[in-house]
Structure formats: C-alpha cells, structure tokens
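1. Fold the stuff below for me.
(3 chains)
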Amino acid sequence: MELTVEGLSVARGGMPVLEGLTFTLTTGNILILRGPNGSGKTTLLRTLAGLQPPLAGRIGLPPEAIAYGAHADGLKATLSVAENLTFWARVYGTTDIEPALAQFNLKGLRNRAAHSLSAGQKRRLGLARLLVTGRRFWLLDEPTVSLDQASVGLFADAVRSHVAGGGAALIATHIDLGLAAETLDVAPFRADPDRPTRTPTAFDEAFT
Amino acid sequence: MTKMERTKQSRDAWNWLWEWANPVKFMHLTGKALPWVVGLTLVTLIPGLIWGFFFTPEADKFGSSVKIIYVHVPSAMMAINAWAMMLVASLIWLVRRHHVGALAAKAAAPVGVVFTVIALLTGAIWGQPMWGTWWAWDPRLTSFLILFLFYLGYMALWAAIDDPDTAADLTSVLAIVGSVFAVLSRYAVNFWNQGLHQGASLSLDAEENVADVYWQPLVLTLVGIVALFVALVFIRTRTQLRRRRLHALELRERMADA
Amino acid sequence: MIALLVRDLRLAVRAGGGFGLGLAFFLIVTVLVPFAVGPEGETLARIAPGILWVGALLACLLSLDRIFQLDFEDGSLDLLATAPLPMEGAVVVKALAHWLTTGLPLTLAAPVFGILMNMQAPGHWWIFVTLLIGTPALSMIGAFGAALTVGLKRGGLLLSLLVLPLYVPTLIFGAEAATRGGAGMAVTTPILMLAGITAGVVAFLPFAAAAAIRINIR
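-> Just a heads-up that it's a prediction; the model follows:
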C-alpha cells in the first residue's frame, strides 16, 4: 500500500500556500515534514486527511487507510481515559484498547477523567487514539507538543512498532524523534505570491 | 476551473449566458449595460409613478389611497423575485463555482429586504383606511413578515463569516433550505388563517382585479422596478467583485510579507 | 453510530444540566405567562397549547449551540470527519441525542405543566402527542442551524435568528393540532402536516447539515 501525491497544491483561506508537491509514502516508511511555522504543513496534512479539497494535483490513497492526529486531541473532559479510547475504537470498528493503553503508559490512568490529566498525559491519550483506529497511514501534526523526554521516547517507540508492523507515518515536527526516516522540507514548494499563475484559482484566473 | 468543466462549457449552447459568470466579462458587460438599465429605470419608474399618483381617477370605495398600489404591488413582487434570484444565483455558485453567482446573491439581499420593508410599510399604510388596522395576521402579511426574517438571517450569516468562500457556501445552503421552508411557511400560514387581503392584484386575467386606468401606469412601474432592481444588483455586484479582488490582493500581500 | 449516541448521552448526563436546564426554563416560561396575562382560568386554558408549544420551542433553542460547538472546539469534529462514519449519520445521531436530552423531557413535562395553565382533559393528551411528533423536527432543524454556525465566535445569537423562522411551519401545525385536539375538533390535517414536516426534515436536512459542517471545518 502506498500514499501517492502528484503535483499537489493546497490552499488556506483561498490562497495557495504550497504548490507542486510530489512524493510517495509506502508502508514500512516514515516521512518527516519540515518547514517553518506557517509554511503550510498543517494545511497539507488536513488536505491529505480529506478535510479540505486540494487546489490542484492528485492524491492516491487506499480507502479507509488514514488516521489523522491534529493539534487538538478531541478528548472529552468528563469521560475517563478508557471511555475516551473506547469511543474512538468503536467508531473505527475495533474493540481492544489495552495495547494502546500499554504503549503510551496509560494503564494506571485508565479510570481518571480526562480533565484531571496533565497536558502531556492528554497528549499521550490523544496519540493512543491512533493505535485503536487500526489504520495504516498516520498523518500527525506536531505530535510531540507538551510531551516530556520520556513520553517522546514512548511515542517514537509506538511509531517504530507501527511501521514495523506494516504501517506508515507522515509526521510534521520540529524536533528530532530519533527515527529512521526520510525528510521532506516543504519550504521549496511554498507558493510564490508574485507568480500567482502557477496554480491559478478560479478567481485569480478571472481577473488576469 | 478544471479542464473538464471548461470543455463542458464550450459545448454549452447557453455559452453566451455563462459569459456573465466570468468576473472580468461581467464587469465589462455590466459596465456597458448599466447606463441603459438606469435609463430604462428612469423613463419607466418616474413617468409611471407620476401618472399613477396624479393622473388616475380616485376609486369609489378606495379613495386616493388606491394610488399606493404603484409602490406597494411592484415592491411586493420584487421582494419575492429578489429571493428567487438569490436562490438561482446561489445554485449557480454551488454547482458551477462562479464567484459572480455568490456575490450577486449577496448583492441582491439588501435590495430585496428593502423591497420587503416597503411592501410591509405601504401595506400597513393602505390597510389602515381599508381594514381599519395597521396590521392584521393575514396570510399574505404574515408571509411577508416571515420573508423579512429570512432576509435578515441570510444577511446576518454573510456578515458573520470572515472567509468569503465559506460565507458564500454556507449562505447558499441557507438560501436553498430557507426557500423550501419559506414555501412551507406560506402553506402553513394559509392553513392557519384565511385572511382579509384580496387575491393577487396581478394575474393573467388582471382586468378582473384592476381596471384599465389603473393597470396601465402599474405596468410602467412594474417594468421600472424590475429595471431598478437589475441596476442596483449590477452596481452592488460590481462593488462586491472589486472588494473580493481587493481581499485577494491583501491576502497575497500578507503572504509575500510572511 | 451507537457509540456516538452513547457518548453524547453520557456527556449530557455528566455535564449535568443537560436535561434539567431546558426543563427549568420551560417551567419558568409557563409560570410567567399567567403573571403576564392574568389568572383567569378561561383565558389560560384557551392559550395553553400555544404557550406550551412556544415554551418548548424556546427551551429547545437554548441547547442547540452545544450540538456541534463543543466537538468543534476540542477538535473531535475534525477527527469525526476523518473517521469511517458518514457525517450525515453523525448529524442524525447528534440530533437524536439532542432530542433525547431536550425534546423528549419537554414532551413528557408539557402535560403536567398544562395543569398550571388550567388545561382541560383531552388537551393534555394532545399537547403530548403533538410535541412527541413535532420536537424531533425542532431538534433536526436546530442541528442544521448549529451546523451552519459551528465555526463562529458569536454564533449563539445568529443561530436563533436563523433557526426561528425555520421553526414557523412546525409551530403552526403543532400548536394548531394541539388546540384543535383540546377543543375536541378534527386534528387529522394538522397532525399529518406536522408528521410530514418531521419526516421530511429528518430525511433531507442531515445532508444539508453535513455539507455545512464540511464547509465549516475545511
């Protein structure tokens, strides 16, 4: 299985931010996205996750293969750790949340309400959600925010075993996770505002 | 615009019409058409109103109050037609993604709401001597009041959303759903109260409702109000297009700075 | 879909006030009306079905903005949109959860509150029946309004402005059927129209609401 991206342009607020992206991510591999703040990494991930339409280009993706991890974890404060995870497991049609709890060292917290967790613990719970989706391709947006050194280690281990088990991950991050991964710097693909015709939007085209 | 869309368009027998959907062409065509439309408005609306107000006889049972129909009936007609036009323009935006569609709908809404208010106010002024009350919960009056609320909601939604394309999409969805509920409300209100308002003043056998002396200037004012609506929508859509263009330029500027 | 329903109901219970607040508001509206129009039993009995319908409608309106807003703020809506659950299904489930926590309690309470309004014998039954048929439409229309305004900072007031005109047909047929039923008149037409609105709304609005959510989160 592979995720292929050909000539992809993505837009935020109607303006192109990245243009002409082409890459392939096959199972068993990790691709790290790099680029300064505001360079369009989040927009790219959201487009790949299907949350917004691409401006141009093609995304080749096996059906039901993506698990998207956003900035926000989507946790419900009044539900316990186990309840939060069980909900997502049932949405994705899986049942077993134990491996996910174990992987992110959450077993001791399983009956704690999510609002009583620290920021880092919440983040670990948000990442544990990826494991219960059973999806092969992880699209992760700054997954290590508010994680301490040990938790970053846990996360890196989780990604390693996921990839070893036939998964793949596309991770936008600024820190070195110590993973054997290829790196894609999005900076060269930034849309040039002075050459708006490279991927014209319908609106620009109408005026020029 | 995708390539497929464009080949479809070139095959389109209605190509001349879709020319208007291209912003540049729209600006060009409306720029040329606008003086004529404004001229038509002037030569129909002003003589029509003068004729209607000063050179028609006073009716037996209505007195001079009958002359308000030259404002009331055209406004009421445009209040509904403006919403219908917004619905069509919204559909054009949703289906074909022509910005002119969304912006024309946005431009028409304040014009439509003003016509609705004029129809309601002149109706109240007319209703006072006729029925002895400024307001009655008559189906027609009530329907116009509901239409007024729909206009308000539509415009408030436009105003509340920052991103122009998101606003265009959501208001278009609201226009479609709102249209269905507006029709539904019309039936519900009819069921709820059979009213005092006379039947439609205008129908194919109009002579039965309105005598010839009143009918002729009314036709003039009706043509005039349509022309006025078209002129206002042209002007406002042109402004909206320019603002949209400005917004795009500002965004590009900000990106260049970043 | 059941998982989502269970979660939403559980959240409503844990948050507290999910059931109670709307009901309390409904009670207060019902109590305030006699203060405003006077205590004459005859007047109250005559306007009772209408007042109960308006009260239930306003109580329903109170909790609409929570249908999607909380999920939008904590990011669950994005995650749900990428989950193998059609957004239309999620909309229906969330409207259903809203109805179970708001519409249904209001429906059950209305006959009791009718006593405060000097409602007479068959009236209690008909206010119950009409609300039972009509409140699902209120929840579904409300969910559509909530979907339109989900990303907005000051969405609450706008939501009311958008939703209230859409409530007109439901209110007219619901209150008319309740009034006629209470007076012992034939109710078939308004009841059928009310049921028709509910059926139509539940069948078609999820698509419009799902489209609005997709637009709002992109």
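2. C:Ile47: what's it in contact with?
-> C:33, C:37, C:117 (C-beta atoms under 8 Å, 6 or more residues apart in numbering or on different chains). Any C-beta I mention is one placed from the backbone N, CA and C, and that applies to glycine too.
3. closest to chain B among the residues you listed?
-> Proximity of the contacts of C:Ile47 to chain B, judged by C-beta to the nearest C-beta, is greatest for C:Val37, which lies at 17.9 Å.
4. Please spell out the PyMOL selection for the buried subset of the contacts of C:Ile47.
-> Selecting just the buried residues from the contacts of C:Ile47 in PyMOL takes one command, with 16 or more other C-beta atoms under 10 Å in any protein chain shown as the test:
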select buried, chain C and resi 33+117
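5. ok, and which of the contacts of C:Ile47 reach chain B?
-> Residues of the contacts of C:Ile47 in contact with chain B (C-beta under 8 Å from any C-beta of the partner chain): none.
6. Stretch A:167-177 near chain C at all?
-> No. Where contact is defined by C-beta under 8 Å from any C-beta, no part of stretch A:167-177 touches chain C; the two come within 13.6 Å at best.
7. Outside of that stretch itself, list whatever touches it.
-> For stretch A:167-177, the surrounding residues in contact (C-beta under 8 Å, 6+ apart) are A:1, A:3, A:25-35, A:41-42, A:44-45, A:48, A:136-144, A:152, A:155-156, A:159, A:162-163, A:181.
8. The residue of chain A found nearest chain C is in what secondary structure piece?
-> Using C-beta to the nearest C-beta, the point where chain A gets nearest to chain C is A:Ala72, with a distance of 2.6 Å. Per DSSP states H and E, A:Ala72 falls between elements, in no helix or strand.
9. Do I have it right that it meets C:Phe72?
-> No. With contact defined as C-beta atoms under 8 Å, A:Ala72 does not reach C:Phe72; the gap is 9.6 Å.
10. between the two, which one's more packed in?
-> For the pair A:Ala72 and C:Phe72, the greater number of neighbours falls to C:Phe72 (21 against 16), based on other C-beta atoms under 10 Å in any protein chain shown.
11. Tell me the secondary structure at the more buried one.
-> Going by DSSP: H, G, I helix; E, B strand; the rest coil, the secondary structure assigned to C:Phe72 is helix.
12. Look up the pLDDT of it for me, please.
-> Reading off the per-residue confidence, C:Phe72 sits at a pLDDT of 91.
13. Okay, and which of the contacts of C:Ile47 map to strands?
-> Cross-referencing these against strands under DSSP state E gives no overlap.
14. now the contacts of C:Ile47 as TSV including pLDDT?
-> Output for the contacts of C:Ile47, formatted as TSV (pLDDT from 0 to 100):
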residue	pLDDT
C:Val33	92
C:Val37	91
C:Met117	90
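15. Got a quick ChimeraX command for the buried subset of the contacts of stretch A:167-177?
-> Restricted to buried positions by 16+ other C-beta under 10 Å, the ChimeraX selection for the contacts of stretch A:167-177 reads:
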select /A:3,25,27,29,30,31,32,33,35,41,42,44,45,48,136,137,138,139,140,141,142,143,144,152,155,156,159,162,163,181
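16. just checking, which of the contacts of stretch A:167-177 belong to helices?
-> Secondary-structure check on the contacts of stretch A:167-177 using DSSP state H: residues within helices are A:41-42, A:44-45, A:48, A:152, A:155-156, A:159, A:162-163.
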